[in-house]
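**Student:** Provide a 3D model corresponding to the input given below.
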Amino acid sequence: MHPQESATDFSNIALIWRGALGGVLGAPVFLVAFVLYEKRTTGYVAYGGALQVLALPMFLLFGASAGAAIGGLILLVVTKLGRTRLPAIIRAIIGVSVILVIAGVFQVLKKDRSYLVPLTSSETIAYMLMWVISFGALPGIAAWPRKSKGKMR
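**Tutor:** The predicted model follows:
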């Protein structure tokens, strides 16, 4: 069997599953990073971290959705290129790009929130790093095709 034929069959649908799993694993990573950042900047964690525990199901759902989208995009790229797999750095870049596009869309769609205290530039950078690592790079790296028996990679 040709290596290019394995890229076009849909046995690599596991990319979507693994991307979603990477997003689910990114949710607790994000919330732990958020607690550590909050503790470092303010000196305490509001409500003893209860808000982060209550937010976990929503973040798990977002992580699974974003990870599945990243895995699907990686599957599309692998199929279009006719390759069997992409390097981890390329998959991470694709994942980060998806999260940045989602963040950009939300920024465009948001209503006037002038009543909120604006974030400083260091806070914005820290939050975006937490988002793109937890929900972009991690699912992108996790989305790798399964090994097929008897096929050379």
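**Student:** What's the local residue count around Val117?
**Tutor:** 5 (other C-beta atoms under 10 Å). In short, each C-beta sits where N, CA and C put it, glycine included.
**Student:** what does the one 3 residues further on give?
**Tutor:** Here the neighbour count serves as a burial measure; for Thr120 (other C-beta under 10 Å) it reads 10.
**Student:** where do the helices sit along this structure?
**Tutor:** 3-8, 14-42, 50-81, 88-109, 121-132, 138-142 (DSSP state H).
**Student:** worst average pLDDT in these?
**Tutor:** Of all these, the minimum mean pLDDT falls on helix 3-8 (a mean of 50).
**Student:** List the contacts of Leu36.
**Tutor:** Shown in contact with Leu36 (C-beta atoms under 8 Å, 6 or more residues apart in numbering): no residues.
**Student:** so how far is Ala20 from it?
**Tutor:** Using C-beta to C-beta, to the nearest Å, we find Leu36 at a distance of 25 Å from Ala20.
**Student:** One more: Lys80?
**Tutor:** 21 Å.
**Student:** Equivalent analysis for Ala137, please.
**Tutor:** 15 Å.
**Student:** What sits closest to Tyr37 if chain neighbours are left out?
**Tutor:** Ala126 (5.8 Å; C-beta to C-beta, 6 or more residues apart in numbering).
**Student:** Next, count neighbours for that neighbour.
**Tutor:** 17.
**Student:** With the one 10 residues further on instead?
**Tutor:** Residues lying near Gly136 (other C-beta under 10 Å) number 29.
**Student:** Quickly note the distance from it to Gln52.
**Tutor:** Distance from Gly136 to Gln52, by C-beta to C-beta: 20 Å.
**Student:** try Pro118
**Tutor:** For Pro118, the distance to Gln52 - C-beta to C-beta - is 23 Å.
**Student:** So these two - more neighbours on which side?
**Tutor:** Using other C-beta under 10 Å, the more surrounded residue of Pro118 and Gln52 is Gln52, with 19 against 9.
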